[in-house]
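Novice: structure, please.
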Amino acid sequence: MRRSAENKLRVVAVRIDPVIEQRLRVLAEATGRKQSFFLQRMIEDGIDAMEEIWLSPDTLAKVRNGELPELLAAQSTTSDLFDLDATDATS
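Specialist: Residues are numbered from 1 along each chain as shown. This next block holds a predicted model:
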């Protein structure tokens, strides 16, 4: 697939447990592929299940029909369980 401005891949940063990162590194080195290849495959292969768990049926139906909703500012006030830093954990 030729990349255009509309379908250009995006970069996402994520923190992972050092043990998981080591496993990913071993997998990448053993296969001669990049870590990003495996991360992309994991996301692509797992996003359907995550959407079914975390999205409302109405939103899920829209996403599956290609009607990707805009990010809702009102819902962004809900904190992400994984968005805790050291200061939050000690409070």
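
Novice: quick check: longest helix of the protein.
Specialist: Using DSSP state H to define each element, the chain has its longest helix at helix 35-54.

Novice: which strands and helices sit next to that one?
Specialist: In terms of contacts (3 or more Cβ pairs under 8 Å, 6 or more residues apart in numbering; DSSP states H and E), helix 35-54 is packed against helix 18-31, helix 57-64. Heads up, the C-betas are built off the backbone N, CA and C, glycines and all.

Novice: again, 6 Å this time
Specialist: Using 3 or more Cβ pairs under 6 Å, 6 or more residues apart in numbering; DSSP states H and E as the contact test, the elements touching helix 35-54 are helix 18-31.

Novice: and the helix it packs on, what's buried?
Specialist: Neighbour-count burial for helix 18-31 flags 24, 28 (criterion: 16 or more other Cβ atoms under 10 Å).

Novice: list the contacts of it.
Specialist: Taking Cβ atoms under 6 Å, 6 or more residues apart in numbering as the criterion, the residues outside helix 18-31 that touch it are 35, 38.

Novice: average pLDDT across it?
Specialist: Across helix 18-31, pLDDT averages out at 97.

Novice: circling back to that earlier point, gap between the longest helix of the chain and the chain center?
Specialist: Distance of helix 35-54 from the chain centroid (Cα atoms, centre = their mean, to the nearest Å) equals 7 Å.

Novice: what residues does it touch?
Specialist: 24, 27, 28, 60.

Novice: mind redoing it with 7 Å?
Specialist: 24, 25, 27, 28, 60, 63 (Cβ atoms under 7 Å, 6 or more residues apart in numbering).

Novice: can I get those in a markdown table with distance to residue 10?
Specialist: Formatted as a markdown table, the contacts of helix 35-54 follow (distance: Cβ to Cβ, whole Å):
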| residue | distance to residue 10 |
| --- | --- |
| 24 | 20 |
| 25 | 23 |
| 27 | 23 |
| 28 | 21 |
| 60 | 22 |
| 63 | 17 |
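
Novice: cool, thanks, talk later.
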